[in-house]
Structures are given as C-alpha cells and as structure tokens.
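Undergrad: here is my input; please provide its structure:
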Amino acid sequence: MAEQQMGLIRDSIFEPSTLDDFPIRITVATGAQAYIYHWHDAVEILYGLEGCTTVGIMDRPYQLQESDILVIGAGENHCLFPSDYRARRLVVMVEPSFLFGQKAFAEDRQCFQQIEKHSALWSPESKEKVRDCLSAIYREYYRQEKGWKEHIFGQLMLLASIALRELPKTEPKRRPQQDDVLRQILAYLSEHYLEQLTLESCAASLGFNPSYLSSLFKQKTGASFHQYLLNLRLNKAEWLLAHSEIPVALVAEESGFASDKTFYRVFREKYGISPTRYRKERQH
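TA: Model prediction:
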C-alpha cells in the first residue's frame, strides 16, 4: 500500500545513487541493510514501505512502520538496527548546503533538526504534504526527464517550508561533551579505516585512554570498536564486489583486511554467503 501511494516501481532502485553535480541520494533499503552508529552532513528522510525498522537517533529509538516518515537532521548520530529482511524503506539524503548555501536561506539551515522527527507527532495534513513531496522527488529522480533537477530542488525547498511552518518543534538540546568526543572518533575511523588500525593506535592518535575510548564507544553506539571497524570495511568490500571487477583477494586488501582468510570469514558471517557468490548475485 505504501509503495502504491509513493508511486514506486518495485525493485527499481536498490543501490545508493548520487550524481557528482547534484547532491541528493535516493535508495530503497531492506531490513538486512543495518548500520551501526554514525553521522554525516546530509539530512536523511526515511519513508516506511513495508514491515518495521528500528532507528536510533541521538540515543532514542524510533519505530518506522509502513507509511511512517522519519527525519534525521544533519550531524545527528543515528543507527539502523537489524530487522526482518522483508522490511523496506525509501531513503532520501540531501546536503544542507544544496538548499541553504545562499545567504538568504542560511538562517533556516537547522530547520530539519528543530522538528519532531517522527510523523506520528505531525498532523495528518502535514504528513500528507511531506509524503507527496517525497513521492514527487522519487518519480523525478527515477525518470530524469527534462527539468527534473529543478523540480526536485523545488520539492526539497517545499519540504523545508513545511518543516518551518507546520511541523511541531522540539526544544533545542545541548549536545553532551561525550558526543563531541564520539564525533572525533567516528571522523577518525572514516578517514583511517582502510589502514591497519587498532583501538590502541586510534586512542593514541586522538589522545584518549584506550579503556575510556572503548567504553564510550560501546555506550554510545551499542557496538564495540572492533565491530564498528569491521562494518566499515565490509561496507567498502560490498561496494567493490558489486561495482568492480577486481579479484576478490584484491577486494579484501582494498577494504582494509589484513588477510583473505579473515575477509572470507567475516563476510560470510554477516551476509551468509561467500564474497564470490555475493558478486555473482549482485552483478547479474
């Protein structure tokens, strides 16, 4: 039902897509595609298509059911918990600078951070308007007819207007100092995860005690430092397997794994199949 409302073509877009000169990304993700705690500069809007997905934002869990909408502001720590593989969600991501880069709009840059995130707290009329915008964005992005970029930009600005005028607001919260530390750690991992990195070397580079870093990381993300690092490397390997022809052994090396044996073992543990089998299924 939710897919019919959105006008989605089933199975039409499953890989994250982006254009170098057009900073918006759209994908349809499944419950099998979970992400441990992370943050990015983009605003992320989720629309529930099927089943239920649990999303953690700033240490608070939200349930994304069919036809629900959830807005994750730029820079907000969040994660997606594993769920039924049949659960599906539409993901729309956009860089705030794309919308608010000009001085005239800069004061509204935080509009998506200042609202109630879950559509259950919105009025039915406002939810319907946001759903219509997302549906139009999806259709234009998929068809890419003449003027599609301009149409999408207009719909995104309309979303910002709805957020400013209609969606209920939340009280601004002071970010704990621990969140700033976590941001440092996540940023460092994003930059160095392909290197032979350890908890100790990361702590030394950032000037933290290893025990403190490990405890804080587990507390804030729900995953160990080692688990998070493995996930970053597996995501890189997954992309290389699906989008390149380089040998699997080189995929392991390019993804930061010290050995083929380790790569094969952890890949099978996460995906249930070998890297070679995964590549065949994704490329055909």
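
Undergrad: would you agree residue 25 is in contact with residue 44?
TA: No: Residue 25 is not in contact with residue 44 according to CB atoms under 8 Å; the separation is 9.1 Å. The way it works is simple: take the backbone N, C-alpha and C, and place the C-beta from them, glycine included.

Undergrad: between these two, which contacts overlap?
TA: 91-93 (CB atoms under 8 Å, 6 or more residues apart in numbering).

Undergrad: now neighbour count, secondary structure and pLDDT too, for those residues, in a markdown table please.
TA: Formatted as a markdown table, these follow (neighbours: other CB atoms under 10 Å; DSSP: H, G, I helix; E, B strand; the rest coil; pLDDT from 0 to 100):
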| residue | neighbour count | secondary structure | pLDDT |
| --- | --- | --- | --- |
| 91 | 18 | strand | 94 |
| 92 | 24 | strand | 95 |
| 93 | 20 | strand | 94 |
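
Undergrad: just the pLDDT for residue 218.
TA: In this prediction, residue 218 carries a pLDDT score of 81.

Undergrad: for the stretch 51-200 of the chain, which spans come out with low pLDDT?
TA: Per-residue confidence for the stretch 51-200 of the chain (pLDDT under 70) gives these ranges: 59, 82, 172-179.

Undergrad: the same query, at a cut-off of 90, please.
TA: 53-61, 74-87, 95-98, 100-104, 106, 142, 171-194, 196 (pLDDT under 90).

Undergrad: could you check which of residue 25 and residue 44 has the larger neighbour count?
TA: Legend: neighbour count by other CB atoms under 10 Å for residue 25 and residue 44, higher for residue 44 (20 against 17).

Undergrad: can you report phi and psi for the nearest residue to the more buried one once chain neighbours are set aside?
TA: Leaving aside its sequence neighbours, residue 44 sits nearest to residue 72 (CB to CB, 6 or more residues apart in numbering; 4.1 Å). Per-residue torsions, residue 72: phi -110, psi 120 (degrees, to the nearest 10).

Undergrad: you'd agree residue 72 is up against residue 60?
TA: No: Residue 72 is beyond contact range of residue 60, at 11.5 Å (criterion: CB under 8 Å).

Undergrad: more neighbours: which of the two?
TA: Neighbour tally, residue 72 and residue 60, criterion other CB under 10 Å: the higher count belongs to residue 72, 25 against 10.

Undergrad: and the strands in the stretch 101-250 of the chain, which stretches?
TA: Taking DSSP state E, counting those that start in this stretch as the criterion, the stretch 101-250 of the chain contains no strands.

Undergrad: show me where the stretch 51-200 of the chain has helices.
TA: Per DSSP state H, counting those that start in this stretch, the stretch 51-200 of the chain carries helices over the ranges 96-100, 124-143, 148-165, 177-192, 199-206.

Undergrad: residues contacting the last one, please?
TA: Here helix 199-206 makes contact (CB under 8 Å, 6+ apart) with 184-185, 188-189, 192, 209-210, 212-214, 225-226.

Undergrad: that one to helix 177-192, inter-axis angle?
TA: If you take axes from the mean of the first three to the mean of the last three CA atoms, to 10 degrees, helix 199-206 sits at 110 degrees to helix 177-192.

Undergrad: list the buried residues for helix 199-206?
TA: 199, 202-203 (16 or more other CB atoms under 10 Å).

Undergrad: out of those, which is nearest to residue 142?
TA: Taking CB to CB as the measure, residue 142 sits nearest to residue 202 out of these, at 40.5 Å.
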